[in-house]
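> Next one to model:
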Amino acid sequence: MDAGLSPPPLFGDQLARTCQASSLRMQEELARLAIDDFQRSDTAVLRSTLTSRRSIAALATILSVTRKAARKFAGGLERRGYVTVMSGADDARRLSGVLAPESTHYATGVIEVVTTINSEIKRYTEPGQLKAAQAVLQAVTNSDSVVADVPT
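You can find the predicted model right below:
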């Protein structure tokens, strides 16, 4: 192998670069809306709690993570004032999250930017390619080798 050539990147390398690029794009677009504290885990939680109260168990299912990880994601949003986490009326151990009223600007901004980026990707990606990419990402998300209990 020529010393000047490097081996092709592994899938994990490309995935890491893609995650970083996506997060940076989100931060840049949100900065235009005067939103400066975006975290990657916010998107799915905010989309899930925008219209209704969600249990932590439901968030875990939506995010494809453990309940502990879902609680950490919701807790991070709660510490920043975007989500209110409360105990269930029947069982104090059953937690749920609801969008805090004063966080509508943040939530709608995040959802607007994600929707715009998604639309852009759909414009330059064939439907079959997009479906295949989604299947690969879902497989990675559900893989036993991928740590589901992601630290915040």
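> contacts, neighbours, all on C-alpha from now
Will do.
> Of all residues in the chain, which one is nearest the centre?
Among the residues of the chain, the one closest to the centroid is S41, at 3.8 Å (C-alpha atoms, centre = their mean).
> Leaving out sequence neighbours, find the closest residue to that one.
Computed as C-alpha to C-alpha, 6 or more residues apart in numbering, the closest residue to S41 that is not its neighbour in sequence is F73, at 6.3 Å.
> Any figure for the gap between that neighbour and T84?
12 Å (C-alpha to C-alpha, to the nearest Å).
> Next: A34.
Using C-alpha to C-alpha, one obtains 22 Å as the distance from A34 to T84.
> With neighbour numbers in mind, choose between those two.
Taking A34 and T84 together and counting by other C-alpha atoms under 10 Å, T84 has the greater number of neighbours (19 against 12).
> Hmm, P101 and the more buried one touching each other?
No: using C-alpha atoms under 8 Å, T84 makes no contact with P101, being 9.3 Å away.
> Where does D36 sit: helix, strand or coil?
Assigned by DSSP: H, G, I helix; E, B strand; the rest coil, the conformation of D36 is coil.
> could we number from 642 for the rest of this?
Done: numbering now begins at 642, and the last item shifts to D677.
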